[in-house]
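[1] pasting the sequence and the predicted coordinates here, then a few questions.
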Amino acid sequence: MAGIAGIADMAGTAGPIEFSPFPPIGDYGFLSDCEVTALIAPSGSVEWMCLPRMDGPSVFGSILDRDAGWFRFRPADAEVPADRRYLPGTMVLETTWACGEGWVVIRDCLVMGPWRHQNPERGAHLRPPTDYGADQVLLRTVRCTNGSVQLIMDCEPVFDYGRQRGQWSHTDRGFHEVSITPDGPGPKLTLTSDIRIGVEGASARARTLIREGETRFCALSWGQLPAPETYTEAHSRLLWTAHHWRHWLARGSLPDHRWKTYLARSALTLKGLAYAPTGAIAAAATTSLPETPCGERNFDYRFSWIRDATFALWGLFTLGYEWEASDYFAFIADLVERDRDDLQIVYRIDGARDLDERTLEYLRGYQNARPVRIGNAAYRQRQHDVWGTVLDSLYLHTKSAAWLDERVWHMARHQVEQALAHWREPDQGIWEVRGEPRQFTSSKVMCWVAADRGTRLARMRDEQEIAAQWQEAANEIHADICANALDDRGVFCQYYGSNALDASLLLMPLLRFLPSTDGRMKATVLAIADELSQDGLVLRYRPEHTDDGFAGVESTFTICSFWLVSAFCEIGEGARARDLCEKVLSYASPLLLYAEQIDPKSGRHLGNFPQALTHLALINAVMHVIGHEQHAARLSLCSDMTIAPRQLPS
């Protein structure tokens, strides 16, 4: 399949990108109905959407190859909009276009509607249904606000990651509706509009002149529910969708702070990455967006990692979204109970175990970055942090619920025993390196977390004998880490016997491995800040010091920069925490979204997008800074109240 390569092809896979037909990763808009996600370029083109769910095969895949499918809807003579924003508090994207003779406003959403399903769908929807659900419709509306504008619509799906085309045909609604069925696997799609649609080869196309005060719509549907047939109906369903998102956001308890908008957008993004039928949260909406320009560090992140659970539960509980936290906990608990002795680090969003990794050689990749991968071979790795993540999640859930039921206790007991049986063994570590297994410090710390949190749960049940045994094991792991993971400066390093730094060790003060006042803890945080940063942003490690199985360098990990903010707060460096948080927030995309990494030289986002763990780390960091500011304000108030009586006249 021949995509447009531009000058990037001439430069080779390692050369600079002087021209690219691909938008910057951070410029995409993100849509979701909690079953399907979509990315929309600033040009008004849907360039990534998978069906029938967010980890399924793509039907629009031009983010990975310019010939792999798209859905354009925009003015005929413009590709750069005047402005883009989300309708406040929603996942409805609004794009304003200024053309030569007029202005139009286009709104895009994946439609949410009232719950319409009468019967359980063969067990697919495992969590308690709410009052709303996905309508399985991608809706696009337009209004001309003044003058006149020539509109174009061009819909060309290419099913199964760009491998299968189909044949459009008109339905009994004449020129206002067409449908397409792929030549191979894939869902039937129906495109409905109040603009007359024609078929040109693999594309369904339309054009019309829209004048001031006039409206139009188009809707792509793939489920059992009918698409809207008039603009009035389309507008009503868009408003219902906006109302749903605002109603959901209002359920939370976001602090009244200058950074509230970042928290709100992060919360909405996490909700958008949650797969409603199971409660799983996907790590990202995309696959194979490169961590290095034109590089090979391209992976599929449309799955649910166990290690994200602790961060997700903490963030959701902190912001007041207990239902989502409970659904995600139920997803994790089901897996832990089912796969007791063979718990994977990552699963499909429906809980399936098979994530076999394949390379799609025919796709050119984003900005010529190859390979394009689907699936993720990391599911076969041994990563010992999984037990600590499970136990910390069980502990957080138990504290929130204020009771420990028998089912959770049995899961906790078994996973602690797994951690204690394996903690001395090497593994691939939190970053899923594909080099030799090591005695990674972060993995040892998480095994300590498993024993420590297990001890606390045992004490809640008055299982004193078990608690004593696990406490002894926790003490042994703790002592082993302190004896083998420190360098000559008293800084915790990446793995036993190494002097390399690793940003994952910023989690140590957050996990309460040592008191924040401990000199070793402060030395580790400051060493990472000073020696593992580039232009103030944090690398996860230095590839030249870590055998991760790949060539080349990588950019700063935004997760790690937010972790440093939280760690600064923990060790009492409040001013540095605030300044760094403000810096990292300034790198947010125009729509306040984050990919996995940031190039500190250009500020461009790299890696899969939007990234759940980045937004979770943002919530943690911002809440840490807010808590530190509130604590400082209380101390200041107490000081003023102490001094004030002395200033009063006698």
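    Cool, got the structure.

[2] mind pulling up the pLDDT for the nearest residue to residue 274 once chain neighbours are set aside?
    In this structure, residue 274 finds its nearest non-sequential neighbour in residue 281, 5.0 Å apart by CB to CB, 6 or more residues apart in numbering. All C-beta atoms are positioned from the backbone trio N, CA, C, and that covers glycine. Among the per-residue scores, residue 281 holds a pLDDT of 96.

[3] residue 136 - nearest residue in space that isn't next to it in sequence?
    Using CB to CB, 6+ apart, the closest residue to residue 136 is residue 223 (3.0 Å).

[4] dump the residue contacts of the one you found.
    Counting by CB atoms under 8 Å, 6 or more residues apart in numbering, residue 223 touches 134-137.

[5] dump those to a markdown table, plus pLDDT.
    Below are those laid out as a markdown table (pLDDT from 0 to 100):
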| residue | pLDDT |
| --- | --- |
| 134 | 95 |
| 135 | 95 |
| 136 | 96 |
| 137 | 98 |
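
[6] so where's the longest strand in this protein?
    In the chain, ranked by residue count with DSSP state E as the criterion, the top strand is strand 132-156.

[7] what's downstream of that strand, the next helix or strand?
    Per DSSP states H and E, the first helix or strand lying C-terminal to strand 132-156 is helix 159-162.

[8] who does the helix or strand following that next one touch, helix- and strand-wise?
    Downstream of helix 159-162, the next assigned helix or strand under DSSP H and E is strand 166-170. With contacts taken as 3 or more CB pairs under 8 Å, 6 or more residues apart in numbering; DSSP states H and E, strand 166-170 sits against strand 177-182, strand 198-200.

[9] which residues of the stretch 351-500 of the chain fall in helices?
    Taking DSSP state H, counting those that start in this stretch, the helices of the stretch 351-500 of the chain run over residues 385-401, 406-422, 441-460, 464-484.

[10] picking that back up, ok, the residue nearest to residue 274 to residue 629 distance?
    Distance, residue 281 to residue 629, by CB to CB, to the nearest Å: 29 Å.

[11] comparing these two, which residue is more hemmed in?
    More crowded of residue 281 and residue 629, by other CB atoms under 10 Å: residue 281, with 27 against 15.

[12] which residues does residue 203 bridge with?
    With DSSP bridges as the criterion, residue 203 is bridged to residue 200.

[13] mind checking pLDDT for it?
    Model confidence at residue 203, given as pLDDT, is 96.

[14] ok, it - contacts?
    With contact set as CB under 8 Å, 6+ apart, residue 203 has these partners: 154-156, 168.

[15] name the member of those residues with the most neighbours.
    Tallying neighbours with other CB under 10 Å puts residue 155 at the head of those, with 26 neighbours.

[16] just to revisit the earlier point, now the contacts of residue 203 in a markdown table, with distance to residue 37 and pLDDT?
    Output for the contacts of residue 203, formatted as a markdown table (distance: CB to CB, whole Å; pLDDT from 0 to 100):
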| residue | distance to residue 37 | pLDDT |
| --- | --- | --- |
| 154 | 21 | 98 |
| 155 | 18 | 98 |
| 156 | 20 | 98 |
| 168 | 24 | 96 |
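
[17] what's the farthest-apart pair in those residues?
    Farthest pair in these (CB to CB) is 154 and 168. Separation: 12.1 Å.

[18] which residues do the two both contact?
    By CB under 8 Å, 6+ apart, residue 154 and residue 168 have these common neighbours: 203-204.

[19] the residue nearest to residue 136 belongs to a helix?
    No - applying DSSP: H, G, I helix; E, B strand; the rest coil, one finds residue 223 to be coil, outside a helix.

[20] so how far is residue 197 from it?
    For residue 223, the distance to residue 197 (CB to CB) stands at 20 Å.

[21] could you check how far the helix or strand harbouring residue 31 is from the centre of its chain?
    Residue 31 belongs to strand 29-32 when assigned by DSSP H and E. Between the mean C-alpha location of strand 29-32 and the chain-wide mean there is a distance of 12 Å, by CA atoms, centre = their mean, to the nearest Å.

[22] what's that strand packed up against?
    Here strand 29-32 touches strand 37-40, strand 102-114, helix 260-273, going by 3+ CB pairs under 8 Å, 6+ apart.

[23] quick one: contacts for residue 173?
    The contact partners of residue 173, taken as CB under 8 Å, 6+ apart, are 192, 229.

[24] ok, now with 10 Å
    The contact partners of residue 173, taken as CB atoms under 10 Å, 6 or more residues apart in numbering, are 190, 192-193, 197, 229.

[25] quick check: it vs residue 294, distance?
    Residue 173 is 46 Å from residue 294, where distance means CB to CB.

[26] my guess is residue 193 contacts residue 215, does it?
    No - counting by CB atoms under 10 Å, residue 215 is not a contact partner of residue 193; they are 11.8 Å apart.

[27] identify the contacts common to these two.
    Common neighbours of residue 193 and residue 215 (criterion: CB under 10 Å, 6+ apart): 231, 234.

[28] out of those two, name the residue with the larger neighbour count.
    A direct count of neighbours by other CB under 10 Å for residue 193 and residue 215 places residue 193 higher, at 28 against 17.

[29] now the host helix or strand of residue 560, how far from the centre of its chain.
    Per DSSP H and E: residue 560 is located in helix 558-570. Put simply, helix 558-570 sits 18 Å off its chain's centre (CA atoms, centre = their mean).

[30] from residue 601, how far out is the closest residue to residue 556 other than its chain neighbours?
    Distance criterion CB to CB, 6+ apart; nearest residue to residue 556, sequence neighbours excluded, is residue 537 at 3.7 Å. With distances taken as CB to CB, residue 537 is found 10 Å from residue 601.
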